[in-house]
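[1] Need the 3D shape of this:
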Amino acid sequence: MALKEKYGRQVEFIVADVDDPQGNTLAAEFQVDAIPNFRFIDAKGNVVQSYTGVTTQKTLEKYIQQLLRDK
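    Alright, predicted model coming up:
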């Protein structure tokens with residue numbers, strides 16, 4: 001994933017595999033009801049943005065940059 005390579009030192013990327021019990025638990029915790037599903041969480045643990053559905057790398061990068069600006 002190019003975004004992980006670009007921003008991996010600034011943000012943490014977590015992938016939850018809903019077919020895995022641990023990933024399924026995480027998905028339930030964040031009330032994921034469709035995939036793909038993206039949650040952008042600030043340093044305090046607050047979900048500041050969420051996005052459900054197919055998207056582009058450019059859109060995801062916009063959300064990451066916003067998260068970093070609001071740090």
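[2] what about this protein, any weak spots by pLDDT?
    Within the chain, the ranges that satisfy pLDDT under 70 run 1.
[3] ranges for the strands of it?
    37-41, 47-52 (DSSP state E).
[4] and Pro21, which of the ones you listed is closest to it?
    Among these, strand 37-41 comes nearest to Pro21, with 17.8 Å by Cβ to Cβ. For every residue, glycine as well, the C-beta is placed using N, CA and C.
[5] ok, residues contacting the closest one?
    27, 30, 47-52, 55, 60, 63-64, 66-67 (Cβ atoms under 8 Å, 6 or more residues apart in numbering).
[6] how does it look with 6 Å?
    Applying Cβ atoms under 6 Å, 6 or more residues apart in numbering, the contact partners of strand 37-41 are 30, 47-52, 63, 67.
[7] returning to that earlier point: give me whichever of the strands of the chain is most buried.
    strand 37-41 (a mean of 16; mean count of other Cβ atoms under 10 Å).
[8] quick check, distance from that strand to the centre of its chain.
    Taking Cα atoms, centre = their mean, to the nearest Å, one finds strand 37-41 lying 3 Å from the centre of the chain it belongs to.
[9] ditto for stretch 50-68
    So, by Cα atoms, centre = their mean, the centroid of stretch 50-68 is 8 Å from its chain's centroid.
[10] Please apply the same query to stretch 46-66.
    7 Å.
[11] That stretch: which residues count as buried?
    60, 63-64 (16 or more other Cβ atoms under 10 Å).
[12] longest helix in this protein, by residue count?
    In the chain, with assignment by DSSP state H, the single longest helix is helix 57-69.
[13] orientation of that one relative to strand 37-41 in degrees?
    Computed by axes from the mean of the first three to the mean of the last three Cα atoms, to 10 degrees, the angle separating helix 57-69 from strand 37-41 equals 20 degrees.
[14] who does helix 57-69 touch, helix- and strand-wise?
    Contacts defined by 3 or more Cβ pairs under 6 Å, 6 or more residues apart in numbering; DSSP states H and E place helix 57-69 against no helix or strand at all.
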